[in-house]
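Only the shape, not the letters, is given here:
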């Protein structure tokens, strides 16, 4: 049995476990889920893209423990989430360091850091 539950719109999954919203290209979702499945904890992974329903993405974003944002997906979602303390981002063309210092080079940076901190 996998320790990762993958959820896409319009669904919501309620469980007492770590939850992450990825706003990223769907081509990396299998890679991210595979990385997280190597962890010791259970995860709920919500996946959205720049074309996802804004209401669903914002609703999920208000409920999750972490938001991982590919800034190239959607300018509105970037603007909405970038100042949240639980938001980590990459692919930014604008320097957001004054607003949020949680930047990385890609989604795997965040996932590997999360797994390293599981101890």
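Sure thing, it's come through. Not measured: the values here are computed from a predicted model.

low-confidence ranges in this structure?
Low-confidence segments of the chain (pLDDT under 70): 1, 119.

Check the gap between the closest residue to residue 112 other than its chain neighbours and residue 45 for me.
Once flanking residues are discounted, residue 112 sits nearest to residue 35: 7.0 Å by Cβ to Cβ, 6 or more residues apart in numbering. The way it works is simple: take the backbone N, C-alpha and C, and place the C-beta from them, glycine included. In this view, residue 35 and residue 45 are 10 Å apart by Cβ to Cβ, to the nearest Å.

give the contact list for the closest residue to residue 102 other than its chain neighbours.
Excluding its sequence neighbours, the residue lying closest to residue 102 (Cβ to Cβ, 6+ apart) is residue 88, at 4.3 Å. Taking Cβ atoms under 8 Å, 6 or more residues apart in numbering as the contact definition, residue 88 lies against 66-69, 102-104, 110.

and with 6 Å instead?
Contacts of residue 88 were listed using Cβ atoms under 6 Å, 6 or more residues apart in numbering, and they are 68, 102, 110.
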